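A.B. asks: Sequence below, structure please.
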Amino acid sequence: MAFQAFALENLLRAHRVTALDVVRLQDALCHDGPVTVDEAELLFAVEQSINDKHHSWKDLFIDAITIHAINDVAPDGYLTAHKADWLIRYAAPQGRIPTRNTYALLTSIVAGARWVPERLVATLFDEVYCAIATGNGPLRAGVNVPPGVIIARDCDVVRHILYSAGGKDTPAISRVEAEALLAIDTVSAGGPSLAAWDELFSKALGDAVLVASGWAGPDREVTVCPEASPLDQAQLLDALRRGFARYRPLQPEERAIAALQRQRVSIITGEDVRTTTADWLAAAIARPEQPSAARRMLLGALEGCRERLALELQAVVAGPAPATRAA
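C.D. replies: Okay, here's the model as predicted:
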């Protein structure tokens with residue numbers, strides 16, 4: 001037990017967490033033992049039921065739960081389906097993540113584990129979606145944004161999730177990530193367009209399209225990295241086409257290794273690893289009657305490499321793209 005010398009129940013009774021409390025908790029965490037499931041659940045209770053907490057509590061809370069989830073419960077370094085279900089049950093008890101610290105915790109776990117089940121990544125994206133759709137929640141703390149509007153902070157949050165979820169074994173944008181990006185774009189399609197979102201969406205979905213068509217791209221840190229300077233619509237379209245042209249054919253050996261890696265992870269974690277197929281993507285990004293600016297940008301950029309796409313995806317980008325909005 002990590003906190004046998006410090007009763008976490010005392011914090012719940014006191015309805016506050018002081019700087020001295022955090023120092024004592026940190027000392028116990030370093031010297032006592034691994035965090036037990038009961039202690040981890042009490043940490044969640046403190047985080048979600050006490051408002052008066054010293055600012056140093058955040059790091060203690062994130063470190064303790066992250067170590068517990070990734071390292072203290074076998075298999076070391078991996079999040080199994082069972083671990084993910086437990087985390088989601090306590091981190092999003094009503095289907096929403098209640099505090100910004102809890103959101104930061106889940107991001108820390110996704111970034112720190114060698115592999116996490118898709119449902120945990122989806123939980124993070126669900127909170128982004130709900131924040132944009134409703135205008136409330138921890139990701140809207142301190143800002144007054146009407147529902148349906150994407151702001152620059154949302155792009156930063158989404159990019160951070162993509163960076164966190166993408167290790168060396170998962171360089172391509174996954175299906176759950178593509179689903180989330182498409183849902184966010186749809187819920188914000190009626191609001192004002194944001195150039196940063198157009199760029200992020202186009203780069204991420206373009207990567208998914210090319211990989212599903214048998215091409216290999218760079219690591220995510222390159223794939224969804226923002227341009228060094230703001231670009232107008234024509235410049236961004238040009239930059240996207242140049243980036244997509246740098247993808248190379250995926251070799252048969254690489255396909256086999258990737259398939260074996262998915263099989264290995266499925267055995268370890270108890271979670272099937274879904275692939276992003278060309279037919280699913282074709283149906284998902286098919287031109288709606290009123291496509292968003294981001295989707296128009298994506299389709300326009302893909303036309304520059306149409307002949308390299310799977311047949312299903314070639315049909316989606318065929319013909320002249322709807323004109324992008326004026327810069």
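A.B. asks: Listing request: residues of the stretch 201-327 of the chain with sub-threshold pLDDT.
C.D. replies: For the stretch 201-327 of the chain, the stretches flagged by pLDDT under 70 are 287, 319-327.
A.B. asks: now the strands for it?
C.D. replies: Secondary structure of the stretch 201-327 of the chain (DSSP state E, counting those that start in this stretch): strands at 215-216, 248-249.
A.B. asks: Now mean neighbour count and distance to residue 207 too, for those, in TSV please.
C.D. replies: In short, each C-beta sits where N, CA and C put it, glycine included. TSV is the format used below for these (neighbours: other Cβ atoms under 10 Å; distance: least, Cβ to Cβ, whole Å):
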stretch	mean neighbour count	distance to residue 207
strand 215-216	18	9
strand 248-249	10	13
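A.B. asks: wait, which of those is closest to residue 77?
C.D. replies: Across the strands of the stretch 201-327 of the chain, residue 77 has its closest neighbour in strand 215-216 (25.4 Å, Cβ to Cβ).
A.B. asks: Residues in contact with that closest one: which ones?
C.D. replies: Applying Cβ atoms under 8 Å, 6 or more residues apart in numbering, the external contacts of strand 215-216 come out as 247-250, 254, 308.
A.B. asks: Just flag the most distant two among those.
C.D. replies: Farthest apart among the contacts of strand 215-216 - using Cβ to Cβ - are 254 and 308, which lie 16.7 Å from each other.
A.B. asks: These two - which one has more neighbours?
C.D. replies: Of the pair residue 254 and residue 308, residue 308 is the one with more neighbours under other Cβ atoms under 10 Å, namely 18 against 11.
A.B. asks: Next, the contact list for that one, please.
C.D. replies: Contacts of residue 308 by Cβ under 8 Å, 6+ apart are 210, 213, 215, 247.
A.B. asks: and the residue lying closest to residue 45 once chain neighbours are set aside, what does it touch?
C.D. replies: Closest residue to residue 45 apart from its sequence neighbours, by Cβ to Cβ, 6 or more residues apart in numbering: residue 12 at 6.3 Å. By Cβ under 8 Å, 6+ apart, the contact set of residue 12 is 42, 45-46, 49-50.
A.B. asks: could I get those residues as JSON lines with pLDDT?
C.D. replies: JSON lines is the format used below for the contacts of residue 12 (pLDDT from 0 to 100):
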{"residue": "42", "pLDDT": "94"}
{"residue": "45", "pLDDT": "95"}
{"residue": "46", "pLDDT": "95"}
{"residue": "49", "pLDDT": "94"}
{"residue": "50", "pLDDT": "95"}
